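Asks: Pasted the sequence and its predicted model underneath.
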Amino acid sequence: MSRNITIEEQGIRLSILGNLFMAALGLCFASLSHSEMILLDGVFSLINLVIAYLSLKILRRSKQSNDYYNSIPSIYFEPLINLVKGVILTIVCLLAFGSSVIIILNGGHAISTGKAIWYALLATLVCMTIALKQRKRAKACNSSLIEVDAKSWFIDGLLSGVVVLVFTIVFFLQNTTLAIFLPYADPILVIFLCLIVAPIPVEIVKENWPKLVGEKYDVQLEYKIIDIIDKHIPKTTIQDYYVSHGYLGDKLYVQCHLLVIEEISQKLSLAEQDKIRAFLYQKLRDDFPSLAIDINFICDPIWVERRILHVSKA
């Protein structure tokens, strides 16, 4: 666990440095080239910088929180950070889209394409390099936070590549009959960027909202959990079982009540119960790496009805 936190922390630190560099680079080149596209890219980097810094602070806090009452709230921080990031990026996209439409209606504006091309080339190189590093870290520590960050850097890199292509075309069209349309290139590119990027933060919000409010996974996933448990419970000991599941922060929380055969209940020792728990946990974890599980042995089904989570009877 400590190794995973260390890898995750390294990833967040890299994201902070990368976004700090890209924000400074973007704002500087936006001033030199007068490009709304580059300004928007710099603003995105500033937002990501703040989110990454908050993520690092929260990760360190959760690392220091060893008691039960501190660890429960801490697991909600990761989806909360992703949710806030998604909401802010969506708002920025909407504002940038509206601003670009106004610029087009006002006749567009001229930009320094040479400086814009140099910025986009450097941005593409930096973003793709960080994306590859973050992708490796996400796989190593199974962190959705780093996974989202890796996707963000990859998308930034692709978009920067598109900017290189577009501004290069604009550069070579400056002394042609099409030059009258070039003032519209920058705001149109911003609109294109917004249309491409907007679904990503919306998807991040949709993915992380259920993790905060405790909504269940889909029915197909529920059937899969039940199927795994049904195949591996000891039928000679357990006469029935009840499964409930939902989000606990970024974890898939599964609760399983095993109804023990009455004649066996007096003989089933704690050690034997733990063996069944360990066996079922491993079988489920093979399919669900981010698993948190409670397995309860009961003789009276009334304890199933007194649970908070919705229960599916097998």
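Replies: Arrived safely. Please read all numbers here as calculations on a predicted model, not as lab measurements. Numbering: from 1, shown residues only.

Asks: What about residue 210, how many residues nearby?
Replies: Neighbours of residue 210 under the rule other CB atoms under 10 Å: 14. In short, each C-beta sits where N, CA and C put it, glycine included.

Asks: Kindly export stretch 27-44 (C-alpha atoms) in PDB.
Replies: C-alpha atoms of stretch 27-44 as PDB (Å, rounded to 0.1, in the frame of the first residue of the first chain):
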ATOM      1  CA  LEU A  27       0.400  32.400 -20.700                       C
ATOM      2  CA  CYS A  28       3.800  33.800 -22.000                       C
ATOM      3  CA  PHE A  29       3.200  32.600 -25.600                       C
ATOM      4  CA  ALA A  30      -0.400  33.800 -25.500                       C
ATOM      5  CA  SER A  31       0.800  37.300 -24.700                       C
ATOM      6  CA  LEU A  32       3.400  37.100 -27.500                       C
ATOM      7  CA  SER A  33       1.200  35.600 -30.200                       C
ATOM      8  CA  HIS A  34      -2.200  37.100 -29.200                       C
ATOM      9  CA  SER A  35      -3.800  33.600 -29.600                       C
ATOM     10  CA  GLU A  36      -7.000  32.800 -27.700                       C
ATOM     11  CA  MET A  37      -6.200  29.100 -28.300                       C
ATOM     12  CA  ILE A  38      -2.900  29.300 -26.400                       C
ATOM     13  CA  LEU A  39      -4.500  31.400 -23.700                       C
ATOM     14  CA  LEU A  40      -7.100  28.700 -23.200                       C
ATOM     15  CA  ASP A  41      -4.400  26.000 -23.100                       C
ATOM     16  CA  GLY A  42      -2.600  28.000 -20.400                       C
ATOM     17  CA  VAL A  43      -5.800  28.400 -18.300                       C
ATOM     18  CA  PHE A  44      -6.400  24.600 -18.600                       C
END
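
Asks: How far away from the center of its chain is that stretch?
Replies: Counting by CA atoms, centre = their mean, to the nearest Å, stretch 27-44 is centred 26 Å from the centre of its parent chain.

Asks: Give the full set of residues in contact with the residue nearest to residue 148 when sequence neighbours are not counted.
Replies: When the adjacent residues along the chain are set aside, residue 148 lies closest to residue 82, with 5.5 Å between them (CB to CB, 6 or more residues apart in numbering). Each residue near residue 82 by CB atoms under 8 Å, 6 or more residues apart in numbering is listed here: 144, 145, 148, 204, 207, 208.

Asks: Could you check which helix or strand contains the fifth one?
Replies: With secondary structure defined by DSSP states H and E, residue 207 is part of helix 199-213.

Asks: Pull out the CA atoms of that helix and give them to me as CSV.
Replies: As requested, the backbone C-alpha atoms of helix 199-213 are provided in CSV (Å, rounded to 0.1, in the frame of the first residue of the first chain):
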residue,chain,number,x,y,z
PRO,A,199,-17.2,15.5,-23.5
ILE,A,200,-14.1,14.4,-21.5
PRO,A,201,-14.8,16.5,-18.3
VAL,A,202,-18.5,15.6,-18.6
GLU,A,203,-17.6,11.9,-18.6
ILE,A,204,-15.3,12.5,-15.6
VAL,A,205,-18.2,14.0,-13.7
LYS,A,206,-20.5,11.1,-14.7
GLU,A,207,-17.9,8.6,-13.6
ASN,A,208,-17.1,10.1,-10.2
TRP,A,209,-20.5,11.4,-9.1
PRO,A,210,-21.8,7.9,-8.2
LYS,A,211,-18.6,7.3,-6.1
LEU,A,212,-19.5,10.2,-3.9
VAL,A,213,-23.2,9.5,-3.4
